[in-house]
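Trainee: Make a model of this:
(one chain, ligands or ions: 1)
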Amino acid sequence: MSRPLGWTRLVLTVGVLGSVPVAAHSVQIPALPGSPRVPVLPLKEAPPRAALPAPEPIGDSIYPALGQRGLDVLHYDVTLHIDRPGTRGLRGVALLTLTSTRPLDTVSLDFLGPTVQDVRWNGRPVPWQQDETAAKLRLSPPTPLRPGQEAQVTVRYAGQAGVRQDQELGLDLGWVPVTDTAGRPLSNYTLSEPDGTRTFLPVNDHPSDPATFTLHVTVPRGYIVAASGLRGTERVVDEGWEYTFDQAQPIPTYALGLQVNHFQRVDSPAVPVGPGGAAVLRRDYFPDDTTDAVRRPYAQVGEMLRVLSGWFGPFPFPVHGAAVITPRVPALETATLLTMPVASSFERVIVHESAHQWFGDTVVLGDWADVWLNEGFATYAELLWLEAQGDDPAGIAATWYERLRDQGSRPLVATSEAQLFDQSAYLRGALALHALRAAVGDPAFRGFLQGYVREFNRRPVRTPDLLGFAARSLGPVAAMVLRTWVESPTLPPLPALRAPR
Ligand SMILES: [Zn+2]
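Mentor: Below you'll find the predicted structure:
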């Protein structure tokens, strides 16, 4: 979309007025893409900001405040203006297409971001409340949203992106500025698992509600935007360059990747690993000064996708690659565009994050307690890759097993935030799959993995769903092997793989 007319005036007017109702000021509200043209509206007729009731959240067992039960966001069409990369400043318009599975008389979005200026329901102003304490943006539709009914919510906001510090990971999540040692602004990256996207977008911020995204991001000239999805138009606008991306397959909100830097984009040959052998496009983004040593493992991504799709089935997105960033943070499986720190730019980490494109980004979590369903599968992908390169899988499994035996492990469903990304989620989760593979043999294991991806494609999955699927597809004996690894308070014995036939 083009830069909305009247933007500056709206920002200034509302910014000066703040929350004090002032009579007889009129504001020119520009039309938004996909929404009806909005009439000129005297502010005194705008519905007041109101204290609205807090609807029931999704009920996640680790993050109980996230999301709204019954709310189903289908699409986020997001316009962002990043006037000064390397700071938290941003301006945005988010146009959400949403529906519900139960009657909703209040809609509640997770939002920790800049100051909200205007909220509309199908183009009409509605009462709303930005509750900064609860990190929610609530709005009251003219009539309750009925199950299956679709509506469009427009949120206009500007100011400073929110701060979400994850105490467990010791990290800033969400929209994060990067400065040089003298504090001069350089770039921005996003790192949003589990709930950082709400620092810059109003979202139903839970993996059980995946959605599609269209992004229009404007940055000053010289900067490049890298984001999830297929690249659309890139064009000169008044403030610099506008980049458009279309993420047409639903993904969890935390899996939205968005990076702003002085990047070089490197396109590589497409890989025929999509459904029916469809070509998957390949592009990676490297900061200008990236060394050859850091770039080198990305040349292997095509081969990685061939190996992984041989086990997991067709690659679930039309494009894949990575954006390399310089801060020392964990790598993240952002959909179609891995977020890859320089310090993590190794084959094994790239394989791990690529495997999450199936497990996490396509088969989505129903609850954060089941995060091993992401991490165990992605970790096992590392073994499958190394095995394809000639390494001994038994040796890798034995190393993992020793580490768990020495340092302790727990049943796989997490009961606290501290457990989410511990070594049990990764290593014991991976060994649970290894034990299942040992029990059923490679052909049945391969069929199980591919069937699981098909069965739970964009459907929130919990651990009992996986166990039920194992029982249906592999029988009760194999399902019991998996269940023992999931539930046993002690570490089950490590089985040996059958000799390959
Ligand atoms: Zn992972």
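Trainee: Any regions of the stretch 251-400 of the chain where pLDDT drops low?
Mentor: Within the stretch 251-400 of the chain, no stretch has pLDDT under 70.
Trainee: Can you tell me the SS state at whichever residue of it sits closest to the ion?
Mentor: Across the stretch 251-400 of the chain, no residue is closer to the ion than residue 378, which sits at 4.3 Å (CB to the ion). All C-beta atoms are positioned from the backbone trio N, CA, C, and that covers glycine. Put simply, residue 378 is helix when judged by DSSP: H, G, I helix; E, B strand; the rest coil.
Trainee: show me the contacts for whatever residue of the stretch 151-300 of the chain ends up closest to the ion.
Mentor: Nearest residue of the stretch 151-300 of the chain to the ion, counting by CB to the ion: residue 193, 8.7 Å away. Counting by CB atoms under 8 Å, 6 or more residues apart in numbering, residue 193 makes contact with 173, 254-255, 332-333.
Trainee: Mind checking which of those are in strands?
Mentor: Residues of the contacts of residue 193 located in strands (DSSP state E): residue 173.
Trainee: Save the contacts of residue 193 as a markdown table, and put in neighbour count and distance to residue 429 too.
Mentor: Shown next, in a markdown table, are these (neighbours: other CB atoms under 10 Å; distance: CB to CB, whole Å):
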| residue | neighbour count | distance to residue 429 |
| --- | --- | --- |
| 173 | 24 | 22 |
| 254 | 28 | 18 |
| 255 | 28 | 19 |
| 332 | 23 | 18 |
| 333 | 26 | 15 |
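Trainee: Tell me the one of the contacts of residue 193 nearest residue 160?
Mentor: Each of those was checked against residue 160 using CB to CB; the closest is residue 173, at 15.1 Å.
Trainee: nearest spatial neighbour of that closest one, skipping sequence neighbours?
Mentor: Distances taken as CB to CB, 6 or more residues apart in numbering place residue 196 nearest to residue 173, at 3.2 Å, with adjacent residues excluded.
Trainee: show me what contacts that neighbour?
Mentor: 164, 173-175, 190, 254.
Trainee: Enumerate the residues of the stretch 251-400 of the chain near the ion.
Mentor: Counting by CB under 5 Å from the ion, the stretch 251-400 of the chain comes close to the ion at 375, 378.
Trainee: redo that, cut-off 6 Å
Mentor: Residues of the stretch 251-400 of the chain lying near the ion by CB under 6 Å from the ion: 352, 356, 374-375, 378.
Trainee: Highest neighbour count among the residues you listed?
Mentor: residue 374 (29 neighbours; other CB atoms under 10 Å).
Trainee: Quick check: which element contains it?
Mentor: helix 372-388 (DSSP states H and E).
Trainee: What is that helix packed up against?
Mentor: In terms of contacts (3 or more CB pairs under 8 Å, 6 or more residues apart in numbering; DSSP states H and E), helix 372-388 is packed against helix 301-312, helix 347-355, helix 393-407, helix 429-440, helix 463-474.
Trainee: Try it again at 6 Å.
Mentor: The contact analysis (3 or more CB pairs under 6 Å, 6 or more residues apart in numbering; DSSP states H and E) places helix 372-388 against helix 301-312, helix 347-355, helix 393-407, helix 429-440.
Trainee: ok, and for stretch 243-257, which residues are buried?
Mentor: Going by neighbour count (16 or more other CB atoms under 10 Å), the buried part of stretch 243-257 is 243-245, 247, 249-257.
Trainee: ugh, wrong one, I meant stretch 258-278
Mentor: By 16+ other CB under 10 Å, the buried positions in stretch 258-278 come out as 258-261, 263, 270-274.
Trainee: just stretch 392-407 next, same as before
Mentor: 393, 396-397, 400-401, 404.
Trainee: The nearest residue to residue 458 once chain neighbours are set aside: what's it in contact with?
Mentor: Once flanking residues are discounted, residue 458 sits nearest to residue 250: 5.1 Å by CB to CB, 6+ apart. For residue 250, the contacting residues are 210-212, 458, by CB atoms under 6 Å, 6 or more residues apart in numbering.
Trainee: Let me have the residues of the stretch 251-400 of the chain next to the ion in TSV, extended by distance to residue 413.
Mentor: Converted to TSV, those look like this (distance: CB to CB, whole Å):
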residue	distance to residue 413
352	21
356	19
374	13
375	13
378	17
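Trainee: Can I get the helix holding residue 374 in CSV, CA atoms only?
Mentor: Extracted C-alpha coordinates of helix 372-388, given in CSV (Å, rounded to 0.1, in the frame of the first residue of the first chain):
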residue,chain,number,x,y,z
TRP,A,372,9.0,-30.5,23.4
LEU,A,373,6.8,-31.3,20.3
ASN,A,374,8.8,-28.5,18.7
GLU,A,375,12.2,-28.9,20.2
GLY,A,376,12.4,-32.7,20.4
PHE,A,377,11.6,-33.1,16.7
ALA,A,378,14.0,-30.3,15.6
THR,A,379,16.8,-31.8,17.7
TYR,A,380,16.2,-35.2,16.2
ALA,A,381,16.5,-33.6,12.8
GLU,A,382,20.1,-32.8,13.7
LEU,A,383,20.8,-36.5,14.1
LEU,A,384,19.0,-37.3,10.8
TRP,A,385,21.2,-34.8,9.0
LEU,A,386,24.4,-35.9,10.6
GLU,A,387,23.5,-39.5,9.8
ALA,A,388,22.9,-38.6,6.2
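Trainee: how far off helix 393-407 does that helix point, in degrees?
Mentor: Angle, helix 372-388 to helix 393-407, by axes from the mean of the first three to the mean of the last three CA atoms, to 10 degrees: 140 degrees.
Trainee: doesn't residue 108 make contact with residue 68?
Mentor: Yes: in this structure, residue 68 is within contact of residue 108 by CB atoms under 6 Å, at 4.6 Å.
Trainee: Can you pull the residues that touch both of the two?
Mentor: Common neighbours of residue 68 and residue 108 (CB under 6 Å, 6+ apart) are residue 55.
Trainee: Just the closest residue of the stretch 401-501 of the chain to the ion, please.
Mentor: Nearest residue of the stretch 401-501 of the chain to the ion: residue 426, at 7.2 Å (CB to the ion).
Trainee: Check the secondary structure at that residue for me.
Mentor: Looking at residue 426 with three-state DSSP, the answer is helix.
Trainee: Identify the residues contacting residue 446.
Mentor: Contact analysis of residue 446 by CB under 6 Å, 6+ apart lists residue 311.
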